[in-house]
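S.K.: structure for the following, please:
(chains A and B)
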2 protein chains.
Amino acid sequence: MPIVDIHTHIYPPSYVDLLRTRQTVPYVRNFEDAPDSSRLIILPGEDDPSTPSTSRGRPIGPEYYDIAQKIAFMDQHKIDKSVISLANPWLDFLPAEEAGEAARKINDDVDKICAGYPGRLYAFGTLPLSADADTIVKEVERLGTLKYMRGVIMGTSGLGDGLDDARLDPVWAAIEKAGQMIFLHPHYGLPKEVYGPRANEYGHVLPLALGFPLETTIAVSRMLLSGVWDRFTNLNVLLAHSGGTLPFLAGRIESCILHDGHLKSKGTRDNRRSVWDILKTNIYLDAVIYSEVGLGAAVAASGADRLLFGTDHPFFPPLEEDVEEWHSVNANYAAIAKAFDNDDQAKGVLGNNAVRILRLDK
Amino acid sequence: MPIVDIHTHIYPPSYVDLLRTRQTVPYVRNFEDAPDSSRLIILPGEDDPSTPSTSRGRPIGPEYYDIAQKIAFMDQHKIDKSVISLANPWLDFLPAEEAGEAARKINDDVDKICAGYPGRLYAFGTLPLSADADTIVKEVERLGTLKYMRGVIMGTSGLGDGLDDARLDPVWAAIEKAGQMIFLHPHYGLPKEVYGPRANEYGHVLPLALGFPLETTIAVSRMLLSGVWDRFTNLNVLLAHSGGTLPFLAGRIESCILHDGHLKSKGTRDNRRSVWDILKTNIYLDAVIYSEVGLGAAVAASGADRLLFGTDHPFFPPLEEDVEEWHSVNANYAAIAKAFDNDDQAKGVLGNNAVRILRLDK
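M.R.: Numbers count the residues shown, from 1 in each chain, chains lettered A, B, ... in the order given. Below is the predicted model of the structure:
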């Protein structure tokens, strides 16, 4: 049985170089008080000048850009195949005229990286979403010609206005036609003020643990409410972090739709596909949830055959110097072991589902 | 076996009168274009002047303030006992000097309402949280002298600065000493911009289905991270809407704490009670989640003996004129029926847990 990691990121060297040229989030920088250590600042809240530079963002080392470290991590954790993806914030921040070329370059780089480890590495490509729809659609089609690409990773911003933006329809149509998986991943989180005046005392916990999952949930709910899946019934979306909070809140979402006077008066409440239908037909969930409680809800919502193991590498490394195996990875392994009595289901989640759904045997 | 509803709101007439005197959220008003219909506007996003008045907020009728309608609703849905509570936004908006007296008046009114239906009605009281700590503590102590009071309902704002505010310690101490339950309920949601530029097209769905649960989750996470339960190990909190998203995200919260460099360097990461410990020791969850998927996660997180049936009445009434039984209530009944093979556990959730935990046999 193969073990497949479908949530594992890379910043190829060309992307890190791009981030080093920047002075605002996202950027990579060596600060004066720690000149030998590079910091990666990607989240809006991480750029607070009142915070010491050594606790801004996160240290960035070769685990972020050197594929040999990814392979070593895979070997250490018995991962046979990885579907790598550029991490957030992708190319969302680029001016329109630079995005198309940057996407082609990075997708070619990532495909070449995969070619160095045939059978072990596949990838989700990156779209030039700040460019015009035509440029984006062309890159979707071009990804279909790259040997190791199996879909695209995407944030929640879309063309800058969210994933419920009708101007995305040509993009959804192209992705649906190409049979690609969309890996939907958070980046923007929530405005800092929602965490209150003492948020800095809690490190990155609140934005990462709560803001990220809710961003994903809002994005997919906006897709649902704007009828994306009524128009694109074969559009497949893999949701990061077991759907954010979607499995847990699906019942409340349906109830709020059913009881909304505005949707009733518009007539859009009744002739629509339900969130439960989408969860079992169009949505796939990763198993990056760190507990059997959450994993159980994900399985109950979408089914064990739509759940896919992931690690979120290189994020969440152990903080202790003497620890080799990653707690974060083992937490997800342990949750899968506890959640399933059925060995076939566990094997599906660990790898067989990914091989089947993403055609990793080809 | 009694059926007990622990999540059921009332705006006593004196509170509605208070809201009618106001011109900003929260308020009750009859608009010019529909002079015979009162609208209740309680959420910040509901006051958009570009929205027709007839879709602002919600119509408010006697189901909000007439206890006879509550009893009729209980009879219709086979509910034996209700623990009623003032709904949001409680007294959060009052000037400090008015809050103490308003709380005493409303708590006395609610206790009298309960006295009219002995054995059927109990209540969570309301605290004058905009007043000084001394006034709040005195009202906590006074609630202990009111026959039908079993705890307090509270929003996430605390003294105005969140529930991780150390100035709340005397209040927690008084509530803990009095053995009262805190019913923690959302109201403020999230800033409107997080729902994107098309949010108005989706009625109240996004703020109610997603903003409310995340508000609760952020509030309880801030309590956890600031060490409230390390200082008050017997402080009991009943979380609305099955904990917002806490059961689903608990694993991610623990993982983010474990992997946070800032918390590690402060030394606050290790000597603390975990979210799992709190969930099984201090937290109770209502069963207002509208699906067996969410309910299953709530049970897995806290245990079936800490889960309590609720309806959220008078919110989420059926929109169809010819429907008698409420869909929202039946969705929660159905979820409980599906979630439990064990009949004793189902009976516990439906009522026995509430009787035991809130001493409703006394």
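S.K.: C-alpha from now on. contacts and neighbour counts both.
M.R.: Noted.
S.K.: could you say what helices and strands the helix or strand containing A:I182 packs with?
M.R.: Per DSSP states H and E: A:I182 is located in strand A:181-184. Counting contacts by 3 or more CA pairs under 8 Å, 6 or more residues apart in numbering or on different chains; DSSP states H and E, strand A:181-184 packs against strand A:149-154, strand A:237-239.
S.K.: can you give me the mean pLDDT across it?
M.R.: Model confidence over strand A:181-184, given as mean pLDDT, is 98.
S.K.: and it, which strands flank it?
M.R.: Applying DSSP bridges to the sheet, strand A:181-184 is found paired with strand A:149-154 (parallel), strand A:237-239 (parallel).
S.K.: for the helices and strands packed on strand A:181-184, give me TSV that also has mean pLDDT and mean neighbour count.
M.R.: Listed next are the helices and strands packed on strand A:181-184 as TSV, based on pLDDT from 0 to 100; neighbours: other CA atoms under 10 Å in any protein chain shown:
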stretch	mean pLDDT	mean neighbour count
strand A:149-154	98	26
strand A:237-239	98	25
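S.K.: count of neighbours near the closest residue to A:R269 other than its chain neighbours?
M.R.: Leaving aside its sequence neighbours, A:R269 sits nearest to A:L263 (CA to CA, 6 or more residues apart in numbering or on different chains; 5.1 Å). Residues near A:L263, counting by other CA atoms under 10 Å in any protein chain shown, number 20.
S.K.: residue contacts, A:L263?
M.R.: A:257, A:269, B:201-203 (CA atoms under 8 Å, 6 or more residues apart in numbering or on different chains).
S.K.: by neighbours, which of these wins?
M.R.: A:I257 (25 neighbours).
S.K.: next, the contact list for that one, please.
M.R.: Counting by CA under 8 Å, 6+ apart, A:I257 has contacts A:263, A:269, B:205.
S.K.: what's the answer for A:Y15, then?
M.R.: Counted by CA under 8 Å, 6+ apart, A:Y15 has contacts A:I106.
S.K.: pull out the buried positions in the helix or strand hosting it.
M.R.: Assigned by DSSP H and E, A:Y15 belongs to helix A:13-20. Buried residues in helix A:13-20, counting neighbours by 16 or more other CA atoms under 10 Å in any protein chain shown, are found at A:13, A:15-16, A:19-20.
S.K.: same question, stretch A:186-198
M.R.: A:186-190, A:194-196, A:198.
S.K.: near chain B, which of the residues you listed show up?
M.R.: Restricting the buried residues of stretch A:186-198 to those near chain B by CA under 8 Å from any CA of the partner chain leaves A:190, A:194-196, A:198.
S.K.: ok, the residues you listed vs A:I336, which is closest?
M.R.: Taking CA to CA as the measure, A:I336 lies nearest A:L190 of these, at 29.3 Å.
S.K.: hang on, the earlier thing: any chance of CSV for the buried residues of helix A:13-20, columns pLDDT?
M.R.: Conversion of the buried residues of helix A:13-20 to CSV gives the following (pLDDT from 0 to 100):
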residue, pLDDT
A:P13, 92
A:Y15, 95
A:V16, 94
A:L19, 95
A:R20, 94
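S.K.: quick check: residues of the stretch 1-150 of chain A near chain B?
M.R.: A:S55.
S.K.: for the most far-flung residue of chain A relative to its centre, which three-state class applies?
M.R.: Computed with CA atoms, centre = their mean, the residue of chain A farthest from its C-alpha average is A:S265, at 35.8 Å. Classification of A:S265 using DSSP: H, G, I helix; E, B strand; the rest coil returns helix.
S.K.: roughly how far apart are the closest residue to A:R359 other than its chain neighbours and A:I175?
M.R.: Leaving out its chain neighbours, the residue that sits closest to A:R359 by CA to CA, 6+ apart is A:R150, at 7.9 Å. Distance, A:R150 to A:I175, by CA to CA, to the nearest Å: 11 Å.
S.K.: picking that back up, from the contacts of A:L263, which is closest to B:G348?
M.R.: Distance to B:G348, by CA to CA, is smallest for A:I257 among the contacts of A:L263, at 29.6 Å.
S.K.: find the helix or strand that the closest one is a member of.
M.R.: A:I257 belongs to helix A:246-258, assigned by DSSP H and E.
S.K.: for that helix, the averaged confidence score.
M.R.: So the average pLDDT for helix A:246-258 ends up being 98.
S.K.: got a list of contacts for stretch A:159-179?
M.R.: Around stretch A:159-179, the neighbours that count as contacts under CA under 8 Å, 6+ apart are A:129-131, A:133, A:136-137, A:140-141, A:144, A:156-158, A:181-182, A:219-220, A:222-223, A:225-226, A:228, A:232, A:234-236, B:196-198.
S.K.: please spell out which residues along that stretch are buried.
M.R.: Residues of stretch A:159-179 classed as buried: A:159, A:162-165, A:168-169, A:171-176, A:178-179 (neighbour count, 16+ other CA under 10 Å).
S.K.: same check, this time on stretch A:36-55
M.R.: A:38-47, A:53-55.
S.K.: try stretch A:327-343
M.R.: Buried residues in stretch A:327-343, counted by 16+ other CA under 10 Å: A:327-329, A:331-333, A:335-337, A:339-340.
S.K.: turn the residues you listed into a markdown table, columns for pLDDT.
M.R.: A markdown table is the format used below for the buried residues of stretch A:327-343 (pLDDT from 0 to 100):
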| residue | pLDDT |
| --- | --- |
| A:H327 | 96 |
| A:S328 | 97 |
| A:V329 | 98 |
| A:A331 | 98 |
| A:N332 | 98 |
| A:Y333 | 98 |
| A:A335 | 98 |
| A:I336 | 98 |
| A:A337 | 97 |
| A:A339 | 94 |
| A:F340 | 94 |
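S.K.: report the two of those residues separated the most.
M.R.: A:H327 and A:F340 (20.2 Å).
S.K.: residue of the stretch 101-250 of chain A nearest chain B, please.
M.R.: Chain B sits closest to A:F248 of the stretch 101-250 of chain A, with a gap of 4.5 Å, by CA to the nearest CA.
S.K.: again with the stretch 1-150 of chain A
M.R.: Among all residues of the stretch 1-150 of chain A, A:S55 sits closest to chain B, at 6.8 Å; criterion: CA to the nearest CA.
S.K.: surely that residue touches B:D260?
M.R.: No - at 10.1 Å, A:S55 does not count as touching B:D260 under the criterion of CA atoms under 8 Å.
S.K.: show me where the stretch 251-362 of chain A has helices.
M.R.: Using DSSP state H, counting those that start in this stretch, the helices found in the stretch 251-362 of chain A span residues A:261-266, A:275-281, A:292-302, A:327-339, A:343-347, A:353-357.
S.K.: so which of these comes closest to B:L285?
M.R.: Closest of those to B:L285 is helix A:292-302, at 14.8 Å (criterion: CA to CA).
S.K.: still on that earlier bit, which one of the contacts of A:L263 is nearest to A:G211?
M.R.: For the contacts of A:L263, the closest approach to A:G211 (CA to CA) belongs to B:Y202, at 21.3 Å.
S.K.: can you pull the pLDDT of A:P35?
M.R.: Confidence score, pLDDT, at A:P35: 87.
S.K.: for the residue of the stretch 1-150 of chain A closest to chain B, which non-adjacent residue is closest in space?
M.R.: The spatial neighbour of A:S55 that comes closest, neighbours along the chain excluded (CA to CA, 6+ apart), is B:H262 at 6.8 Å.
S.K.: residues near that neighbour, how many?
M.R.: Other residues lying near B:H262 total 20 when counted by other CA under 10 Å.
S.K.: pretty sure it contacts A:T54?
M.R.: No - B:H262 lies out of contact with A:T54 (CA under 8 Å); the separation is 9.8 Å.
S.K.: same for the helix or strand of chain A with the lowest mean pLDDT, what does it pack against?
M.R.: In chain A, no helix or strand scores lower on mean pLDDT, DSSP states H and E than strand A:58-59, which sits at a mean of 86. On a contact count with 3+ CA pairs under 8 Å, 6+ apart, strand A:58-59 meets strand A:38-41.
S.K.: what does the strand it packs on contact?
M.R.: By CA under 8 Å, 6+ apart, strand A:38-41 touches A:25-31, A:47, A:54, A:56-61.
S.K.: dump it to PDB, keeping only the CA atoms.
M.R.: Taking Å, rounded to 0.1, in the frame of the first residue of the first chain, the C-alpha atoms of strand A:38-41 are listed here in PDB:
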ATOM      1  CA  SER A  38      16.200  34.400   6.700                       C
ATOM      2  CA  ARG A  39      12.600  35.000   7.700                       C
ATOM      3  CA  LEU A  40       9.600  34.200   5.600                       C
ATOM      4  CA  ILE A  41       6.700  36.700   6.200                       C
END
